[in-house]
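Asker: Pasting the sequence and the predicted model now:
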Amino acid sequence: MARLIDGKLISKQIKDELKEEAAQLKEQGIVPCLAVIQVGHDPASTVYVNNKKKACAYVGIESKAFELEEDISQQELLNLVESLNQDDSVNGILVQLPLPKHIDEDVVIQTISPKKDVDGFHPVSVGNLWIGDKGFVSCTPAGIIQLLKRSGISIEGKNCVVVGRSNIVGKPMACLMLRENATVTVTHSHTQNLKEITSKADILIVAIGKREFITADYVKEGAVVIDVGMHRNEENKLCGDVNFKEVEPKASAITPVPGGVGPMTIAMLMNNCMDAVR
Ligand SMILES: Nc1nc(=O)c2c([nH]1)NC[C@@H]1CN(c3ccc(C(=O)N[C@@H](CCC(=O)O)C(=O)O)cc3)C=[N+]21
């Protein structure tokens, strides 16, 4: 029986800490402000964006929502980002991904001022992450570090395997685990003998975007398993990249989906917004 790592609870603790800090800022007349830009009306994106707005309201961060039509030109979007860069009342800028195909995500991300890059996606933020410890860190990997630390799971010297190498999760995750003195292996779709490698992990972090891909035979007895995936199964229920039912009995601790990594992503976004003010 694995211990459940309760992301909902830990994210609430973090938001409560931030709420206190925001209240103190308010006494000095400072109200942090996050601009959230959504292009198009993808229902999943709308759910995430609404969750972010709700979290802002809870913590005491003002949110400015920009809902743009699917067919907006790249230049119009860039103009909006530029104007938010210049706007001193805005501390953080988030452009919800994915963007429509006619817009180049990299160009948009590079246009966001690194000072307001609360997603931590700008090349300057990424460079700072790999060199040292300043700048904004991508919310999901930062949230996973908090989950581990606040659950009393030690990272130092542990064998950590990251499955997936995206710019948003896998790569920054590897960097953060390295910073915490883990021995890190990054695996991906071209990895040979994946099972052999994941079976050696003390801490297994899965972000591959394949529903319930990680079964019990990929996991070492007593491993800590972190599931970044988010899918819907045949019964339209949320599930992850890990086959929870199979893996849970083998793991010492595991994150559920929902209620694991997802809420932490939002808590860390709030933390980054406060950082933008700090
Ligand atoms: N610029 C940008 N920044 C992002 O951070 C970003 C993005 N684009 N695009 C999409 C992904 C996805 N993402 C999630 C955030 C919270 C939950 C979350 O709260 N999940 C809940 C369940 C939510 C539900 O019921 O659907 C949970 O796991 O318990 C999930 C996914 C942020 N993303």
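Answerer: Good, I have the coordinates. Just so we're clear, the structure is a prediction, and the values are computed from it rather than from any experiment.

Asker: Mind jotting down where the strands sit in this protein?
Answerer: 3-4, 33-39, 62-68, 92-95, 159-163, 183-187, 203-206, 224-227, 231-232, 238-239, 253-254 (DSSP state E).

Asker: residues touching the residue of the stretch 51-200 of the chain found nearest the ligand, list them.
Answerer: Nearest residue of the stretch 51-200 of the chain to the ligand: L97, at 3.8 Å (Cβ to the nearest ligand atom). Placement of C-beta: from N, CA and C, glycine included. For L97, the contact set (Cβ atoms under 8 Å, 6 or more residues apart in numbering) comprises 105, 168.

Asker: if we go to 10 Å?
Answerer: 39, 45, 48, 105, 108-109, 119, 121, 168 (Cβ atoms under 10 Å, 6 or more residues apart in numbering).

Asker: Backbone dihedrals for it, please?
Answerer: The phi and psi values for L97, taken as degrees, to the nearest 10, are phi -100, psi 160.

Asker: picking up where we left off before, now, of the contacts of L97, which are buried?
Answerer: Using 16 or more other Cβ atoms under 10 Å as the burial test, the contacts of L97 include 39, 45, 48, 108-109, 119, 121, 168 as buried.

Asker: which one among those residues gets closest to L148?
Answerer: I168 (18.7 Å; Cβ to Cβ).

Asker: Can you pull the residues of this structure lying near the ligand?
Answerer: 47-48, 51, 94-97, 119, 139, 230, 257-259, 262-263, 265-266 (Cβ under 6 Å from any ligand atom).

Asker: from those residues, which ones fall inside helices?
Answerer: 47-48, 51, 139, 262-263, 265-266 (DSSP state H).

Asker: sorry, back to before: narrow the residues of the chain next to the ligand to those that are buried.
Answerer: Judged by 16+ other Cβ under 10 Å, buried ones among those: 48, 94-96, 119, 139, 230, 257, 259, 262-263, 265-266.

Asker: Just send the buried ones among the contacts of L97 back as CSV, with pLDDT too.
Answerer: What follows is the buried ones among the contacts of L97, written out as CSV (pLDDT from 0 to 100):
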residue, pLDDT
V39, 97
S45, 91
Y48, 92
V108, 98
I109, 98
D119, 98
F121, 98
I168, 96
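
Asker: want to throw those residues into CSV with distance to C33?
Answerer: Shown next, in CSV, are the buried ones among the contacts of L97 (distance: Cβ to Cβ, whole Å):
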residue, distance to C33
V39, 20
S45, 21
Y48, 19
V108, 20
I109, 20
D119, 16
F121, 19
I168, 24
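
Asker: Out of those residues, the closest to A55 would be?
Answerer: Among the buried ones among the contacts of L97, and counting by Cβ to Cβ, the member closest to A55 is Y48, at 10.7 Å.

Asker: OK, contacts around the closest one?
Answerer: Contacts of Y48 by Cβ under 10 Å, 6+ apart are 36, 38, 42, 96-97, 230, 262, 265-266.

Asker: try 8 Å this time
Answerer: If you count contacts by Cβ under 8 Å, 6+ apart, then Y48 has Q96 around it.

Asker: if we can go back for a sec, show me which pair in the buried ones among the residues of the chain next to the ligand is furthest apart.
Answerer: Largest pairwise distance in those, by Cβ to Cβ, is 26.5 Å, between V95 and G259.

Asker: can you give me the helices for the stretch 51-200 of the chain?
Answerer: 74-86, 105-111, 123-131, 139-150, 170-179, 194-198 (DSSP state H, counting those that start in this stretch).

Asker: between the fifth one and helix 123-131, how big is the angle?
Answerer: Direction vectors for helix 170-179 and helix 123-131, defined by axes from the mean of the first three to the mean of the last three Cα atoms, to 10 degrees, enclose an angle of 30 degrees.

Asker: For helix 170-179, list every residue counted as buried.
Answerer: Buried-residue list, helix 170-179, by 16+ other Cβ under 10 Å: 170-177, 179.

Asker: could those go into JSON lines alongside pLDDT?
Answerer: Putting these into JSON lines (pLDDT from 0 to 100) gives the following:
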{"residue": "G170", "pLDDT": "98"}
{"residue": "K171", "pLDDT": "98"}
{"residue": "P172", "pLDDT": "98"}
{"residue": "M173", "pLDDT": "98"}
{"residue": "A174", "pLDDT": "98"}
{"residue": "C175", "pLDDT": "98"}
{"residue": "L176", "pLDDT": "98"}
{"residue": "M177", "pLDDT": "98"}
{"residue": "R179", "pLDDT": "96"}
